[in-house]
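*Asks:* need coordinates for the following:
(chains A and B, ligands or ions: 3)
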Amino acid sequence: MSKIHVTTSVNGEEVEYLCEAQQTMLDVLRDELGLTGTKEGCSTGDCGACSVIVDGDVVCSCLMLGAEAEGRNVETIEGLAAPDHLHPVQKQFLEHAALQCGFCTPGFLVAAKALLDRNQNPTETEIRYWLAGNLCRCTGYDKIVRAVQDAAAEMRGA
Amino acid sequence: MTSVDYVAPTDVEAAVAALGASKGNAYILAGGTDLLVQLRTGRVHPGTIVDIKRISETRTISEKDGAYTIGAAVTGAEMSAHKGLSQTWPGIVEAMDLIGSQQIQGRASPGGNLCNASPAADCVPALIAAGVSCTIAGPGGRRTVPVEDVVTGPGQTSLDANEFIVSFEVPKPAPRTGDAYLRLIPRTEMDIAVVGAGVCLSLAEDGTCQAAKVALGAVAPTQVVVAAGADALIGSKIDDVALEKLGQAAKAACSPIDDKRGTIEYREKVAAVLAKRAALKALERAKAR
Ligand SMILES: Cc1cc2nc3c(=O)[nH]c(=O)nc-3n(C[C@H](O)[C@H](O)[C@H](O)COP(=O)(O)OP(=O)(O)OC[C@H]3O[C@@H](n4cnc5c(N)ncnc54)[C@H](O)[C@@H]3O)c2cc1C
Ligand code: FES
Ligand code: FES
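*Replies:* Ligands and ions are numbered 1, 2, ... in the order given. The predicted model follows:
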């Protein structure tokens, strides 16, 4: 079985890997690249734990093939924080205690970042719709929404 | 485990050749939001996966003399972000936008929605109502067929094994044309339609309906065109009498299933209500033109 050679950018760094045709981007990130921050909840596109940003769009890495990443720009949870400080949305998740078991958290953070990258003043309704593809079984979502609102405010300098 | 090939051709002819050259079944990959789930659960066993997203024709929205061409692999997010398309065909865009979450929107395409051939596919009734046709490429060249001729049953299409859809051709709308799509789901997001209804209509200067097309989803093995519903609207000012006839025609066109999302009786009733509401929404949009 010949493997596919892929060159792509992950969190701003060029990486190369070999993958099988049917291997998902999620499996490549976790098993080939050791980036285990991206989680597998359902593998059917329903839970959002596997969210990554590809060329600016937030997508489920469980519904993308590793082979498709050739020449793309992939952002994962590992790229969210700068070396010396957290991303505002990470900071606010801590501030609001917007996580319990934490399994859904990387997916929420990545999806929220994608939202804040294009809209720094989202309404509560916009936040809730944007995050509708991210499931959390612990928090009841309220703290998550507040954290995203405050991260937006922080990024606006308000 | 048999080996699977993955190819990502950059032009239409190479994609057709790859479909023909596959040792086992070849599957087109657009956004993968249906295909990858089916791969995972073992419902499909491809010999070759042909990713069409490197072909610029499948990934572009363009406009010429008022008519739009939407690449088959354009995503829902890209359609919503396209100002011209959203203004001219809000029904098509809102139907596509209903599909899944933001993550799904970043990948899901109208071509995949159609070719997955689910009776509940949201974009399909809206495309049919708007009179959209698709350009299909195959070994013999290209052919154009109306969207309603593609799906033949759940999971079944009229495409040959080595054909695929390149793009959708959306006609230039007549003056005072409006389209709309509505669906009913038990939740507010992330669910499958119990019923979906697409309506497109055009008005004469005096407000009389001159042309109309009505299509329903999730009420039969394929999407259904409700010709009697369109006839009820045409020649009327979309008054209560015309709307009542439309509702009856929509109900009569249903041959739904009973399942956890709704009984046959419920689906028929909802089909009538949604067809009427979609017609009113399309009317409002047509009047604003
Ligand atoms: C969480 C979740 C929620 C969803 N919600 C909805 C919803 O609300 N409403 C809804 O209608 N759907 C929904 N879907 C289903 C799916 O997202 C849509 O049907 C979507 O439009 C499929 O597009 P795709 O590009 O991802 O298709 P793919 O998965 O790439 O392809 C689907 C099928 O069509 C074939 N195909 C794709 N493109 C072409 C082409 N151009 N020519 C020929 N064959 C082709 C493929 O081989 C495959 O068999 C949901 C899916 C998920 C995972
Ligand atoms: S693991 Fe991808 S959406 Fe659940
Ligand atoms: S914190 Fe446990 S699933 Fe969200």
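*Asks:* ok, residue 134 - contacts?
*Replies:* Using chain A here. A:47-49, A:51, A:104, A:107-108, A:111, B:101 (C-beta atoms under 8 Å, 6 or more residues apart in numbering or on different chains). All C-beta spots, glycine's among them, are computed from the backbone N, C-alpha and C.
*Asks:* my bad, the chain I had in mind was chain B
*Replies:* If you count contacts by C-beta under 8 Å, 6+ apart, B:Cys134 has them with B:72, B:111, B:114, B:144-145, B:147, B:150, B:165-169.
*Asks:* again, 7 Å this time
*Replies:* Contact analysis of B:Cys134 by C-beta atoms under 7 Å, 6 or more residues apart in numbering or on different chains lists B:145, B:147, B:150, B:165, B:168.
*Asks:* I'd like the distance between the second one and B:Ser118.
*Replies:* So that's B:Val147. Distance from B:Val147 to B:Ser118, counting by C-beta to C-beta, to the nearest Å: 14 Å.
*Asks:* now do B:Arg187
*Replies:* Applying C-beta to C-beta, the value for B:Arg187 to B:Ser118 is 18 Å.
*Asks:* between the two, point out the one with more neighbours.
*Replies:* Legend: neighbour count by other C-beta atoms under 10 Å in any protein chain shown for B:Arg187 and B:Ser118, higher for B:Ser118 (19 against 7).
*Asks:* pLDDT score for that one?
*Replies:* Listed pLDDT for B:Ser118 reads 96.
*Asks:* leaving out sequence neighbours, find the closest residue to the residue nearest the centre of chain A.
*Replies:* Per C-alpha atoms, centre = their mean, the C-alpha nearest to the average position across chain A is that of A:Val110, at 2.9 Å. Nearest residue to A:Val110, sequence neighbours excluded (C-beta to C-beta, 6 or more residues apart in numbering or on different chains): A:Ser51, at 4.4 Å.
*Asks:* next up, the contacts around the one you found.
*Replies:* Taking C-beta under 7 Å, 6+ apart, we find A:Ser51 in contact with A:58, A:60, A:107, A:110-111, A:134, B:103.
*Asks:* same check, this time on B:Gln38
*Replies:* Under the criterion of C-beta under 7 Å, 6+ apart, the contact list for B:Gln38 reads B:Val44.
*Asks:* same thing but at 10 Å, please
*Replies:* Neighbour list for B:Gln38: B:27, B:32, B:44-46, B:116, B:155 [criterion: C-beta atoms under 10 Å, 6 or more residues apart in numbering or on different chains].
*Asks:* now, which of those sits nearest B:Arg277?
*Replies:* Distances from B:Arg277 to the contacts of B:Gln38, taken as C-beta to C-beta, are shortest for B:Asn116 (26.3 Å).
*Asks:* can you give me phi and psi for the closest residue to the closest one other than its chain neighbours?
*Replies:* Among residues not flanking B:Asn116 along the chain, B:Asp34 sits closest, at 4.3 Å (C-beta to C-beta, 6+ apart). Reported as degrees, to the nearest 10, the phi and psi values for B:Asp34 are phi -100, psi -50.
*Asks:* and B:Asp34, how far from B:Pro221?
*Replies:* On the measure of C-beta to C-beta, B:Asp34 and B:Pro221 end up 17 Å apart.
*Asks:* the more surrounded of those two?
*Replies:* Remark: of B:Asp34 and B:Pro221, B:Asp34 carries more neighbours, 22 against 16, as counted by other C-beta under 10 Å.
*Asks:* look at the more buried one and report its pLDDT.
*Replies:* We note a pLDDT of 98 for B:Asp34 in this prediction.
*Asks:* where exactly do the helices run in the chain?
*Replies:* Went with chain A since none was named. Taking DSSP state H to define them, one finds helices in chain A at A:25-27, A:88-96, A:105-118, A:124-130, A:142-156.
*Asks:* that's the other chain; I wanted chain B
*Replies:* Using DSSP H, the helices of chain B run over B:12-21, B:35-40, B:76-81, B:83-88, B:90-97, B:102-105, B:110-115, B:123-129, B:227-233, B:240-252, B:264-287.
*Asks:* near chain A at all, the fourth one?
*Replies:* No: judged by C-beta under 10 Å from any C-beta of the partner chain, helix B:83-88 makes no contact with chain A; its nearest approach is 15.3 Å.
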